[in-house]
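Undergrad: predicted model and sequence follow; I will ask about them next.
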Amino acid sequence: MREAMYYRPHEQGLRCSLCPKKCIIREGATGFCRVRKNIGNTLYTENYGECSSYALDPIEKKPLYHFYPGSTILSLGTWGCNFSCSFCQNWEIAQEDPKTMKLSPDQAVELARQEKKNRNIGLAYTYSEPSVWYEYVLDTAKAIKQAGMKNVLITNGFINREPLEEILPYIDAMNIDIKAFNKEYYQKVCAGELEDVKETVALASSACHVEITTLLVPGLNDKKDEIEQLSTWLGKINADIPLHFSRYFPNYKMDLPPTPESTMIMAQEIARKQLHYVYLGNLGEKGINTYCPQCDKLVIDRKKWHSEMENRNICPQCKNPIYIIGEVSI
């Protein structure tokens with residue numbers, strides 16, 4: 001536990017300014033995220049250096065398909081979240097109180113170094129929401145950069161502009177969830193706000209590599225016009241930003257049936273009219289390959305784990321550049 005960043009005094013206690021919730025936290029209480037606590041009129045972050053889970057994952061699992069494809073990344077998580085999504089896939093650590101182990105920033109860097117022999121490129125802050133692990137992620141990200149490795153955030157994007165701008169110089173890539181493209185869904189299902197997440201996507205995409213994930217939940221965020229609005233908005237920022245539609249399965253407090261396969265394919269077809277790279281997740285081997293946006297040639301086959309690009313990430317058929325950051329190791 002250590003003193004938190006981004007808070008100020010309030011007549012009823014302290015006001016946290018890390019995320020758009022701007023919680024007013026009374027003496028002895030915590031904010032919505034459950035990890036920032038007012039003790040003696042000082043705000044402390046209770047999850048600093050508390051690691052609930054770690055694993056060496058393929059970079060594609062984040063998912064990041066256009067950032068050092070074929071590499072691995074050491075992935076760390078803690079506990080707490082500033083959302084309360086009814087379908088949360090990691091609710092045991094995001095919404096409960098899991099067992100944790102102490103892991104200092106220096107220890108995390110050393111673990112990442114040890115995994116270089118297994119094609120590890122750095123650290124991913126994931127599993128739970130990294131923005132409510134802010135102080136630890138900032139300290140560790142600085143140390144990782146000094147060690148010449150990469151930092152990746154897998155986040156809901158619900159963070160205020162000032163703390164985001166402070167951490168972005170140390171972040172190489174982000175996968176940001178856009179839970180839906182309607183504010184009612186964000187408020188009722190996630191306890192969040194769409195507009196704040198859109199601002200994060202716009203700012204982050206100007207500073208680092210960004211990919212987007214949208215979990216399609218049947219009947220709640222899978223209408224054609226909503227998918228068109230999402231892909232049109234994203235395409236205006238940058239049509240090269242990869243969009244991943246992920247298939248929903250019942251979890252946590254939500255028991256709707258799984259997303260139909262036909263809905264996933266429909267979403268991909270709509271989004272491809274505005275975006276160059278659109279993928280499907282949780283649907284087996286369907287929708288995972290990369291095609292040239294100019295001539296439609298298959299350039300990365302993730303079923304056969306093979307790249308058709310010989311060098312410099314260029315389509316071998318039409319010579320169109322394929323938007324990829326870093327070396328392709330597939």
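TA: Great, that's in hand.
Undergrad: can you tell me which residue is spatially central in this structure?
TA: Of all residues in the chain, the one closest to the mean position by CA atoms, centre = their mean is Ile154, 2.4 Å from it.
Undergrad: which residues sit in contact with that one?
TA: Going by CB atoms under 8 Å, 6 or more residues apart in numbering, Ile154 touches 62, 124-127, 130, 174-175. Just so you know, the C-beta spots here come from the backbone N, C-alpha and C atoms, and that holds for glycine as well.
Undergrad: which one of those residues has the most neighbours?
TA: Each of the contacts of Ile154 was scored for neighbours by other CB atoms under 10 Å, and Ala124 scores highest at 29 neighbours.
Undergrad: remind me what the helix or strand harbouring it packs against, helices and strands.
TA: Assigned by DSSP states H and E, Ala124 belongs to strand 120-125. Where contact means 3 or more CB pairs under 8 Å, 6 or more residues apart in numbering; DSSP states H and E, strand 120-125 is packed against strand 72-77, helix 105-114, helix 134-146, strand 150-155.
Undergrad: of all these, which one is nearest Thr200?
TA: Among the helices and strands packed on strand 120-125, strand 150-155 comes nearest to Thr200, with 8.0 Å by CB to CB.
Undergrad: can you list the strands that that closest one pairs with?
TA: Strand 150-155 has its sheet partners listed here by DSSP bridges as strand 120-125 (parallel), strand 173-177 (parallel).
Undergrad: quick one: which of the ones you listed is nearest Glu27?
TA: Across the strands paired with strand 150-155, Glu27 has its closest neighbour in strand 120-125 (30.0 Å, CB to CB).
Undergrad: the closest one - what's its average pLDDT?
TA: Averaging pLDDT along strand 120-125 gives 98.
Undergrad: what angle do that strand and helix 134-146 make?
TA: With axes from the mean of the first three to the mean of the last three CA atoms, to 10 degrees defining the directions, strand 120-125 sits at 170 degrees from helix 134-146.
Undergrad: OK, contacts around Arg15?
TA: Arg15 neighbours (CB under 8 Å, 6+ apart): 7-9, 22-25.
Undergrad: against Gln114, how distant is Ile159?
TA: Per CB to CB, to the nearest Å, Ile159 is found 30 Å from Gln114.
Undergrad: looking at these two, which one has more neighbours?
TA: Shown here are Ile159 and Gln114; by other CB under 10 Å, Ile159 has more neighbours (28 against 12).
Undergrad: which phi and psi does Glu60 have?
TA: Main-chain torsions, Glu60, degrees, to the nearest 10: phi -70, psi -20.
Undergrad: I figured it hits Ser71, correct?
TA: No: counting by CB atoms under 8 Å, Glu60 stays clear of Ser71, with 9.1 Å between them.
Undergrad: what segments of the stretch 151-300 of the chain are strands?
TA: Assigned by DSSP state E, counting those that start in this stretch, the stretch 151-300 of the chain shows strands spanning 173-177, 209-216, 243-247, 278-281, 290-291, 298-301.
Undergrad: and of these, who's closest to Leu43?
TA: Of all those, strand 173-177 comes closest under CB to CB, at 25.4 Å.
Undergrad: tell me the angle of that closest one relative to strand 243-247?
TA: Computed with the same axes, to 10 degrees, the direction of strand 173-177 lies at 50 degrees from that of strand 243-247.
Undergrad: average pLDDT for strand 173-177, rounded please.
TA: On average, strand 173-177 scores 98.
Undergrad: how far off strand 209-216 does that strand point, in degrees?
TA: 20 degrees.
Undergrad: can I get the CA coordinates of strand 173-177 in CSV?
TA: Output in CSV follows, covering the C-alpha atoms of strand 173-177 (Å, rounded to 0.1, in the frame of the first residue of the first chain):
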residue,chain,number,x,y,z
ALA,A,173,0.4,-0.7,-27.2
MET,A,174,-3.1,-0.9,-25.8
ASN,A,175,-6.2,-3.0,-26.4
ILE,A,176,-9.2,-0.9,-25.4
ASP,A,177,-12.6,-2.4,-24.8
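Undergrad: now do the residue lying closest to Tyr291 once chain neighbours are set aside, the pLDDT please.
TA: In this structure, Tyr291 finds its nearest non-sequential neighbour in Leu298, 5.7 Å apart by CB to CB, 6 or more residues apart in numbering. pLDDT, Leu298: 97.
Undergrad: all good on my end, thank you.
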